[in-house]
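Asks: Return a 3D structure for these sequence lines:
(4 chains)
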Protein chains: 2
Amino acid sequence: MQTIDAFSASTAEEEAYRHVLKGIRTGRFRPGTRLIPEDIANEIGMSRMPVREAFRRLSTEGLVLIRPNRGCVVAGLTTDEIYEVFEIRSVLEGLAVRLATPRFDADAFSELDRLLARMQTNGEGGDDWVTRHRQFHEYLCSYSQRPKLIRQIARLHVTIEPYLRIWLHHAEKPLSADEEHRVIIRTLEAGDPIAAEATIEKHILETAPALAAFVAQTGR
Amino acid sequence: MQTIDAFSASTAEEEAYRHVLKGIRTGRFRPGTRLIPEDIANEIGMSRMPVREAFRRLSTEGLVLIRPNRGCVVAGLTTDEIYEVFEIRSVLEGLAVRLATPRFDADAFSELDRLLARMQTNGEGGDDWVTRHRQFHEYLCSYSQRPKLIRQIARLHVTIEPYLRIWLHHAEKPLSADEEHRVIIRTLEAGDPIAAEATIEKHILETAPALAAFVAQTGR
DNA sequence: GTTTGGATTTGTGTATCCACTTATCCAGTC
DNA sequence: GACTGGATAAGTGGATACACAAATCCAAAC
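Replies: Numbering: from 1, shown residues only, chains lettered A, B, ... in the order given. Below you'll find the model as predicted:
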């Protein structure tokens, strides 16, 4: 479980941040759940202060919502907002892949193959499909060599991960998108940045409607 | 001076946040400046706690850098990072304008004309060129009706604004880009979302090298 | 003149405390 | 039985206190 922020200091605030982030990612803290500073502070053995500071950071990332005197709740996304996140992801990851394309080498492609194979195995190593899927996308983006871009993309992934997880848990088939990822790799191998960008944009935008529909139906 | 975050609560933390944000935007707190919680707390008549929480939010937005036990400094951008911000802006604002294009109506265009005219006047109403320029871009994006997208774009503007301001202060001419903005409006009037997106992307990317070169020369 | 080590100062990180706001519950009323 | 209002509980926001870390300064040694 990696963090979003660059450096990993050993402060209590950092620990609280990770703790809550992990809870949101894994689905322990579902959207709408109220987060009570004192409870979380007790869980990890500290006072409320660092926890509150962690909340502030999380609120900026859009992961929780803080209303004055009303406490902190895990942010939920409306159907529209899920669409929006996918739209933003499509252009940001499109940019990242466009910049990354000229940089891919043989090592990159063999690693991508490995990640793809790992994605198809069922839940070994503790990571579930959603996590492995994210790792695939993040590996693609990492070759862009754009730290800020990569971080922004990572944040968007965290936002939608809980929904993806619920969706896949309810869906009959574990998503047949693996073939699609193979196609992406082939496009990248061709080495055309613009084509690669278009492929990624399309790939991301195509996932959105199904997830949004599921969330709309489940009743946010 | 508008805030980035959506709702404006009357908490001390919010006040501290705005105070520091304003300081960074206006150039009072230059990149590299150390921000001492106690000093800022005294300035606005509160204790250090809310100020610290404001710092946490600002750090997530990339506006300040917090190192454990080393305090908080205003974030500075390297030449590469300035490029990166412009790259990200180009695709995000491109997306926003693409989505906005079908929504523009007569009112929108007359407001855009007004903003453009205001941009050409020299510093009336307290706002400088950089602020008015941002307002023009933000108005364009606002018609996309995508709150998260709009907020992300606003954050990027805050990041580079101080540099733009220093740059324009040193440059001989106040930037001849006004004509370019007129061209943008004409493109939007044609009503082709893809063309509009491409125009904005190009416009934004073209500004980057000059600013980056200036910052590199000035010696960050 | 430069370097080293230690006192001093400054500032940070967290816990605790208190005031105040909001939520909950319950009894009384219609 | 549903509604109202007030007591009570729960929780939040902010201030203060204190322990600790880092930076600074200065003097002694080389």
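
Asks: Show me which positions of the longest helix along chain A end up buried.
Replies: In chain A, with assignment by DSSP state H, the single longest helix is helix A:193-218. The neighbour-count check on helix A:193-218 (16 or more other C-beta atoms under 10 Å in any protein chain shown) flags A:196-197, A:199-201, A:203-205, A:207-208, A:211-212, A:214-215 as buried. In short, each C-beta sits where N, CA and C put it, glycine included.

Asks: show me where chain A has helices.
Replies: Shown for chain A, the helices assigned by DSSP H span residues A:12-26, A:37-43, A:48-60, A:79-100, A:106-120, A:129-142, A:147-170, A:178-190, A:193-218.

Asks: could I get those helices as CSV with mean pLDDT?
Replies: What follows is the helices of chain A, written out as CSV (pLDDT from 0 to 100):
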stretch, mean pLDDT
helix A:12-26, 94
helix A:37-43, 95
helix A:48-60, 96
helix A:79-100, 97
helix A:106-120, 89
helix A:129-142, 93
helix A:147-170, 92
helix A:178-190, 90
helix A:193-218, 91
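
Asks: between these, which one is nearest to DNA strand C?
Replies: With C-beta to the nearest atom of the strand, the closest approach to DNA strand C among these belongs to helix A:12-26: 2.9 Å.

Asks: Packing partners of that closest one?
Replies: helix A:37-43, helix A:48-60, helix A:147-170 (3 or more C-beta pairs under 8 Å, 6 or more residues apart in numbering or on different chains; DSSP states H and E).

Asks: repeat that for 10 Å
Replies: Under the contact criterion of 3 or more C-beta pairs under 10 Å, 6 or more residues apart in numbering or on different chains; DSSP states H and E, helix A:12-26 touches strand A:34-35, helix A:37-43, helix A:48-60, strand A:64-67, strand A:71-74, helix A:129-142, helix A:147-170, helix B:48-60.

Asks: sorry, back to before: what angle do helix B:79-100 and the longest helix of chain A make with each other?
Replies: Using axes from the mean of the first three to the mean of the last three C-alpha atoms, to 10 degrees, the inter-axis angle of helix A:193-218 relative to helix B:79-100 is 60 degrees.

Asks: elements contacting helix A:193-218?
Replies: Secondary elements touching helix A:193-218 (3+ C-beta pairs under 10 Å, 6+ apart): helix A:79-100, helix A:129-142, helix A:147-170, helix A:178-190, helix B:79-100.

Asks: which residues touch residue A:164?
Replies: Contact partners of residue A:164, counting by C-beta atoms under 10 Å, 6 or more residues apart in numbering or on different chains, are A:82, A:128-131, A:133-134, A:157, A:175, A:207, A:211, A:214.

Asks: Apart from its chain neighbours, what residue comes closest to the spatially most central residue of chain A?
Replies: What sits nearest the mean C-alpha location of chain A, by C-alpha atoms, centre = their mean, is residue A:157, with 1.8 Å. Among residues not flanking residue A:157 along the chain, residue A:134 sits closest, at 5.0 Å (C-beta to C-beta, 6 or more residues apart in numbering or on different chains).

Asks: Contact partners for the residue nearest to the centre of chain A?
Replies: By C-beta under 10 Å, 6+ apart, residue A:157 lies in contact with A:4, A:25, A:85, A:89, A:93, A:130-131, A:133-135, A:137-138, A:141, A:164.

Asks: If you rank those by neighbours, which is first?
Replies: Highest neighbour count within the contacts of residue A:157: residue A:93, with 27 neighbours (other C-beta atoms under 10 Å in any protein chain shown).

Asks: check whether stretch A:136-149 contacts chain B.
Replies: Yes. Stretch A:136-149 comes into contact with chain B (C-beta under 10 Å from any C-beta of the partner chain), by way of A:144-149.

Asks: export these to JSON lines and tack on neighbour count and distance to residue A:39?
Replies: Below are the residues of stretch A:136-149 next to chain B laid out as JSON lines (neighbours: other C-beta atoms under 10 Å in any protein chain shown; distance: C-beta to C-beta, whole Å):
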{"residue": "A:144", "neighbour count": "22", "distance to residue A:39": "40"}
{"residue": "A:145", "neighbour count": "14", "distance to residue A:39": "41"}
{"residue": "A:146", "neighbour count": "24", "distance to residue A:39": "38"}
{"residue": "A:147", "neighbour count": "13", "distance to residue A:39": "35"}
{"residue": "A:148", "neighbour count": "17", "distance to residue A:39": "34"}
{"residue": "A:149", "neighbour count": "21", "distance to residue A:39": "36"}
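
Asks: I'd like to know which of these is nearest to DNA strand D.
Replies: Comparing the residues of stretch A:136-149 next to chain B against DNA strand D with C-beta to the nearest atom of the strand picks out residue A:147 as the nearest, at 23.6 Å.

Asks: I'd say residue A:213 and residue A:207 touch.
Replies: No. If you go by C-beta atoms under 10 Å, residue A:213 and residue A:207 don't touch, sitting 11.2 Å apart.

Asks: Mind listing the shared neighbours of those two?
Replies: Contact with both residue A:213 and residue A:207 is made by residues residue A:167, according to C-beta under 10 Å, 6+ apart.

Asks: Smallest gap between chain A and DNA strand D, at which residue?
Replies: Of all residues in chain A, residue A:71 sits closest to DNA strand D, at 2.7 Å by C-beta to the nearest atom of the strand.

Asks: For that residue, which non-adjacent residue is spatially closest?
Replies: Of all residues not flanking residue A:71 in the chain, residue A:34 sits nearest, at 5.8 Å (C-beta to C-beta, 6+ apart).

Asks: Cool, thanks, signing off.
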